[in-house]
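Asks: what follows is a predicted protein model with its sequence.
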Amino acid sequence: MQYSVFSTQRKRWIDCLRGFCMMAILLFHTEIYYTGTSIIGYNLYVSDALYLFFMLSGYLLYKKAGMIDIKYKLKSVLRNLLWPYFIFTSVMAVPKALAHGERVDNVWVLVQNVVTGQASWFIAALIVAEILFVITLRLCRGNLFALGSVCVLSFCCSALLALNGCHVAFWQFGNALQAMLFLFLGYVYHRYEHKLMVRVLPTIIACVMLFSLKCYVYKQDLFMTIWPIGISNYAVFLINVIVGGFALFNLFRLLPPCRFLEWTGRHSIVYYFLCGGVPMFVGVVFSFLHLTYDGNYFYVVLAYLCVYLLTTMLVYLIYRYMPFVTGYGRRL
């Protein structure tokens, strides 16, 4: 079957872009747990991978047929996000605490971290943001100006909270408010997708602009941290989000599907839950084998390949033999 960016079937480019973002997150955690630092600066790509995940969720929230069914969407969030969150964070609570040198004798603290959404900030923020977004969408009756106004206001509130040193940890509400704008941008992109020029030249120009922004961020040593929110220049950050979203969305709509990226993207929820534990384990194994990082990035690449292969194997086994923990309830 010929691939079309305007296909009414499952849009494979979305899974490919998700897979690309997930591999970026795995690289960041590999560097952190293997070398003890982020060799490729966090501000150069990690925030981009995170806001793109949110934007893709917003893209999928737009329905051409009409208003989104709130009950159906809430059930989807509960089944595909909240259920896996409680399963994975509960199972990993003790091993994660031990790995970070934290106490495990106080069970209540571990339970509290899971129940209050602190065990996995990104998933918690995504859950809350999607629920807030669909409720706002229904209240605004699809009015784009009203919806955008609420999302911009939410983003401003998150910025003010961060600037005043207030980090709302309960279900990552501060990050959820921030993510409302990312969801909105993805939603708007899908709504006007048919009018956007998905051509090579505009995409190249957008990618060059994004690269130039990254050079500026690196030269000025700007902070673009999403969690905890630590953004030193909001103007540059917002331009980066808009240009980056447009560039990467268009680029992956133009590129042919890549099977391993597509598979990774389709199963990114479980990849995300494993993206800390597996790199930590690989880092310990490499240290035991005396393959410590000595400035040669080749060893980081080798560790990264091991991380990706091991994570992929675990993800496959989970979906194959324990699909109920993913919320889908069916095997691969």
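Replies: Happy to help now that I have it. Numbers count the residues shown, from 1 in each chain.
Asks: the residue located most distally from the centre of the chain: what secondary structure?
Replies: Distance to the chain centre peaks in the chain at His290, reaching 32.8 Å (criterion: Cα atoms, centre = their mean). Assigned state for His290: coil (three-state reduction, DSSP: H, G, I helix; E, B strand; the rest coil).
Asks: okay, it and Tyr299: tell me how far apart.
Replies: 11 Å (Cβ to Cβ, to the nearest Å). Every C-beta, even on glycine, is put in place using the N, C-alpha and C of the backbone.
Asks: just Ile242 next, same as before
Replies: 37 Å.
Asks: again, but for Val91
Replies: Val91 sits at a distance of 30 Å from Tyr299 (criterion: Cβ to Cβ).
Asks: these two: who's more crowded?
Replies: Between Val91 and Tyr299, counted using other Cβ atoms under 10 Å, the more crowded position is Tyr299 (16 against 12).
Asks: surely Pro257 meets Arg12?
Replies: Yes - distance between Pro257 and Arg12: 4.5 Å, which falls inside the contact criterion (Cβ atoms under 8 Å).
Asks: okay, the two: which has more neighbours?
Replies: Between Pro257 and Arg12, counted using other Cβ under 10 Å, Arg12 has the larger neighbour count: 21 against 13.
Asks: per-residue pLDDT, the more buried one?
Replies: Reading off the confidence values, Arg12 has pLDDT 94.
Asks: check Gly329 too.
Replies: 60.
Asks: ok, Phe6 next?
Replies: For Phe6, the pLDDT comes out at 37.
Asks: before we move on, what about Glu262?
Replies: Here, the pLDDT recorded for Glu262 equals 97.
Asks: distance of it relative to Ile14?
Replies: Glu262 sits 9 Å away from Ile14, taking Cβ to Cβ as the criterion.
Asks: ok, Phe281 next?
Replies: The gap separating Phe281 from Ile14 is 30 Å, by Cβ to Cβ.
Asks: then Ser120?
Replies: When distance is defined by Cβ to Cβ, Ser120 is 22 Å away from Ile14.
Asks: contacting residues around stretch 20-38?
Replies: Applying Cβ atoms under 8 Å, 6 or more residues apart in numbering, the set of residues contacting stretch 20-38 from outside is 39-40, 42, 45-46, 48-50, 52-53, 248, 252, 261, 264-265, 268, 271-272, 275-276, 279-280, 282-283, 286, 293, 299-300, 303-304, 307-308, 311.
Asks: what about Tyr234, neighbour count?
Replies: 14.
Asks: can you check Ile127 too?
Replies: Ile127 sits with 21 neighbouring residues when counted by other Cβ under 10 Å.
Asks: that one belongs to a helix?
Replies: Yes - using three-state DSSP, the assignment for Ile127 is a helix.
Asks: OK, contacts around it?
Replies: With contacts defined as Cβ under 8 Å, 6+ apart, Ile127 is in contact with 77, 81-82, 85, 117, 171.
Asks: what about 6 Å?
Replies: Contact criterion Cβ atoms under 6 Å, 6 or more residues apart in numbering gives 77, 81-82 as the residues in contact with Ile127.
Asks: residues near the nearest residue to it once chain neighbours are set aside, how many?
Replies: Take Ile127 and drop its neighbours on the chain: the residue closest to it by Cβ to Cβ, 6 or more residues apart in numbering is Leu81, 5.0 Å away. For Leu81, the count of nearby residues is 18 (other Cβ under 10 Å).
Asks: just the pLDDT at Leu81, thanks.
Replies: Per-residue confidence for Leu81 comes out at a pLDDT of 95.
Asks: which SS class is it?
Replies: Leu81 carries the three-state label helix when classified by three-state DSSP.
Asks: cool, and Val315?
Replies: Recorded secondary structure, Val315: helix (three-state DSSP).
Asks: surely Val284 is in a helix?
Replies: Yes - counting by three-state DSSP, one finds Val284 located in a helix.
Asks: that one and Phe249, how far apart?
Replies: 38 Å.
Asks: compare the two (neighbour count), which wins?
Replies: Each of Val284 and Phe249 has its neighbours counted (other Cβ under 10 Å); Phe249 has more, 26 against 13.
Asks: any idea how far the residue nearest to that one when sequence neighbours are not counted is from Leu183?
Replies: For Phe249, ignoring the flanking residues on the chain, the nearest one in space by Cβ to Cβ, 6+ apart is Tyr189 at 6.0 Å. In this view, Tyr189 and Leu183 are 11 Å apart by Cβ to Cβ.
Asks: next one: phi and psi at Asn143?
Replies: Here is the backbone geometry of Asn143 (degrees, to the nearest 10): phi -70, psi 110.
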